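[1] give me a model of this one.
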Amino acid sequence: MKAGQGIALAVTFVLFFLAGSALYTVSEVSQVVVTRFGAPVGKANVEPGLKFKLPFVDEVHRFDKRYLAWDGDANQMVTSDKKYIWVDTFARWRIADALLFFQKVRNESGAQTRLDDIIDGATRTVIASQPLIEVVRTSSQSIGLSQGKQEEEGEVIEMTNSDGSKKDLAEESTVRVGRSRIQDRILDIAKSACEDMGIELVDVRIKRINYVKSVQVKVFERMISERKRIAAQYRSEGQGEAARIRGKMERELKQIESEAYRKGQEIRGQADAEATRIYADAYKKDPVFYEFLKTLDTYRMSFDEDTRIILDGSGNFSRYINQP
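    Model prediction:
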């Protein structure tokens with residue numbers, strides 16, 4: 001009886017193990033390709049749920065349904081006007097046909113390697129067919145500005161030759177294609193190549209564009225000199241404006257001071273006239289007393305404690321000193 005129970009438990013365990021090996025699940029964000037001895041069996045399973053396979057024989061390969069990122073390395077490229085630049089791109093893609101994807105590239109790592117070659121090649125092809133201004137700009141909206149204004153707004157890179165020298169603005173005055181259309185062209189070329197691998201390339205964007213190192217130093221030096229020139233121009237304009245304001249202020253200040261002096265003199269003259277009138281009225285009322293006060297004031301202003309003076313006692317100046 002005990003031996004029969006043991007056999008039953010063993011059989012049950014084997015059945016559960018076989019059932020577990022024969023079942024697999026497909027999640028909402030994944031798709032599955034089943035292979036038997038390395039060869040795909042049927043189509044890819046994209047519907048979520050519980051699925052069946054042959055235990056020990058079939059192998060499950062899972063792939064992501066979601067959009068995936070591709071970020072390539074910056075590569076040195078040359079434009080149609082012989083500008084050597086570094087171009088850094090990124091892209092978004094997804095696995096559109098899991099079975100074809102598995103047959104062509106096997107896994108995401110293989111897909112990333114293939115995308116490196118495809119997107120880099122498409123980028124080089126399109127960049128080589130366009131001048132630099134088409135790559136760095138989307139429209140020619142601000143081309144009509146003066147050179148100083150363009151450099152002020154960050155357009156120096158389009159106005160520079162590959163050796164760092166200045167470029168005549170009239171040479172490149174209109175953007176006919178622009179970066180947006182260039183990115184679309186890169187996407188169209190790379191997309192058709194990716195379809196054969198079960199990959200849907202959704203978008204390709206240029207992340208960054210820069211000069212090569214040898215040219216970059218010269219460009220930065222010219223940008224610095226241009227910024228200094230613009231700063232000097234602003235400083236000169238500011239000094240001129242400051243001088244104009246100071247001149248205006250001094251002119252207005254002199255006008256105010258002149259007007260204040262005129263009014264002060266008028267008031268002082270009126271006060272002196274009024275004082276003279278009052279003195280004259282007082283003198284008329286008592287000339288002797290007025291003469292006495294004025295003489296005392298003269299004494300007070302003429303002498304102090306340290307003054308010694310010899311006067312003629314019969315003189316008019318000392319008559320009040322001698323009188324009791």
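
[2] what's the burial count for residue 63?
    When neighbours are defined as other CB atoms under 10 Å, residue 63 has 21 of them. Using the backbone N, CA and C atoms, a C-beta is placed for each residue, glycine as well.

[3] report the contact partners of residue 201.
    Contact analysis of residue 201 by CB atoms under 8 Å, 6 or more residues apart in numbering lists 91-93, 115, 119, 187, 190-191, 194.

[4] can you read off the backbone torsions of it?
    phi -80, psi 110 (degrees, to the nearest 10).

[5] repeat for residue 307
    phi -90, psi 130.

[6] check residue 61 too.
    phi -120, psi 120.

[7] go on, residue 74?
    Dihedral angles for residue 74 - degrees, to the nearest 10 - are phi -70, psi 130.

[8] report the beta-bridge partners for the residue lying closest to it once chain neighbours are set aside.
    What sits nearest to residue 74 in space, not counting adjacent residues and going by CB to CB, 6 or more residues apart in numbering, is residue 88, at 4.0 Å. Using DSSP bridges, the beta-bridge partners of residue 88 come out as residue 208.

[9] measure residue 88 to residue 210 for me?
    8 Å (CB to CB, to the nearest Å).

[10] hey, what's in contact with both of these two?
    Shared contacts of residue 88 and residue 210, counting by CB under 8 Å, 6+ apart, come down to residue 74.

[11] helices or strands up against whatever helix or strand residue 275 lives in?
    Per DSSP states H and E: residue 275 is located in helix 213-285. Judged by 3 or more CB pairs under 8 Å, 6 or more residues apart in numbering; DSSP states H and E, helix 213-285 is in contact with helix 147-152, helix 287-302.

[12] highest mean neighbour count out of those?
    helix 147-152 (a mean of 15; mean count of other CB atoms under 10 Å).

[13] next SSE downstream of that one?
    In N-to-C order, the element after helix 147-152 by DSSP H and E is helix 178-195.

[14] would you put the C-alpha positions of that next one in PDB?
    The C-alpha trace of helix 178-195 is given here as PDB (Å, rounded to 0.1, in the frame of the first residue of the first chain):
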ATOM      1  CA  GLY A 178      16.600  72.200 -43.400                       C
ATOM      2  CA  ARG A 179      17.400  69.700 -40.600                       C
ATOM      3  CA  SER A 180      13.800  68.500 -40.200                       C
ATOM      4  CA  ARG A 181      13.600  67.200 -43.800                       C
ATOM      5  CA  ILE A 182      17.100  65.800 -43.500                       C
ATOM      6  CA  GLN A 183      16.100  63.800 -40.500                       C
ATOM      7  CA  ASP A 184      13.000  62.600 -42.500                       C
ATOM      8  CA  ARG A 185      15.300  61.500 -45.400                       C
ATOM      9  CA  ILE A 186      17.500  59.600 -43.000                       C
ATOM     10  CA  LEU A 187      14.400  57.900 -41.600                       C
ATOM     11  CA  ASP A 188      13.100  57.000 -45.000                       C
ATOM     12  CA  ILE A 189      16.400  55.400 -46.100                       C
ATOM     13  CA  ALA A 190      17.000  53.500 -42.900                       C
ATOM     14  CA  LYS A 191      13.300  52.500 -42.500                       C
ATOM     15  CA  SER A 192      13.200  50.500 -45.800                       C
ATOM     16  CA  ALA A 193      16.400  48.600 -44.800                       C
ATOM     17  CA  CYS A 194      15.000  47.800 -41.300                       C
ATOM     18  CA  GLU A 195      11.700  46.300 -42.700                       C
END
